[in-house]
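1. With the input below, show me the fold.
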Amino acid sequence: MRTYKRLRISGGKYFFTVNLAERRNNDLLIRHIDCLWEAFRQTRNHHPFEIDAIVVLPDHLHCIWQLPAGDDDYPTRWRLIKARFSMAVPKDERISRSRIRKGERGIWQRRYWEHAIRDDQDYQNHLDYIHYNPVKHGYVQTAKEWPHSSFYRWVKFGWYPENWGASAEIAESLWE
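-> Prediction:
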């Protein structure tokens, strides 16, 4: 069995990507968005952390978290979020033999991507990546159109103009 080494920084700020196991034509996360938000809420009640930015797409999500001082335990938080969401949604996914043997559902990929934010530029790059992701995947033509995102919060902070993140076609039409 592989041992995954994860960088754990007390009070750290992290970027995460978490995927569904079956991503093709799967809209589970937005179809059950209320269950996902509830899983986050319950987890944050018992294991606090700040969500600086988030985008939830049909089959994956990206976010930036700030952990409390003296705490580096993001793996427990992700385990709880995934488990709570899995318990709340109907059991209609395909489950592999391996997962059946281990008593697992077939909702989430077992692993996730984490990246410790290094500096202000790294933070900005990941913030932009999160908010542009629905445009990148072709779900919308501007970042402001995607409802499952923290983009508007950042517009209110004055970090982005409301028209930020337009697709190339829209960006070109703005200059005509």
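2. Quick check: His32 touching Arg84?
-> No: the criterion here is Cβ atoms under 8 Å, and His32 misses it with Arg84 at 11.5 Å. Yep, even glycine has a C-beta here, placed from its N, CA and C like the rest.
3. residue ranges with poor pLDDT in the chain?
-> 1-4, 93, 95, 99-100, 102-103, 167-176 (pLDDT under 70).
4. top helix in it by residue count?
-> helix 120-136 (DSSP state H).
5. Just the CA atoms of that one, as PDB, please.
-> Extracted C-alpha coordinates of helix 120-136, given in PDB (Å, rounded to 0.1, in the frame of the first residue of the first chain):
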ATOM      1  CA  ASP A 120       0.300  36.300  -2.100                       C
ATOM      2  CA  GLN A 121       0.900  35.600  -5.800                       C
ATOM      3  CA  ASP A 122       0.200  31.900  -5.300                       C
ATOM      4  CA  TYR A 123      -3.000  32.800  -3.500                       C
ATOM      5  CA  GLN A 124      -4.100  35.100  -6.300                       C
ATOM      6  CA  ASN A 125      -3.300  32.500  -8.900                       C
ATOM      7  CA  HIS A 126      -5.400  29.900  -7.100                       C
ATOM      8  CA  LEU A 127      -8.200  32.300  -6.400                       C
ATOM      9  CA  ASP A 128      -8.400  33.100 -10.100                       C
ATOM     10  CA  TYR A 129      -8.200  29.400 -11.000                       C
ATOM     11  CA  ILE A 130     -11.200  28.700  -8.700                       C
ATOM     12  CA  HIS A 131     -13.400  31.500 -10.100                       C
ATOM     13  CA  TYR A 132     -12.500  31.000 -13.700                       C
ATOM     14  CA  ASN A 133     -13.100  27.200 -13.600                       C
ATOM     15  CA  PRO A 134     -16.800  27.200 -14.700                       C
ATOM     16  CA  VAL A 135     -15.900  29.300 -17.700                       C
ATOM     17  CA  LYS A 136     -12.900  27.000 -18.500                       C
END
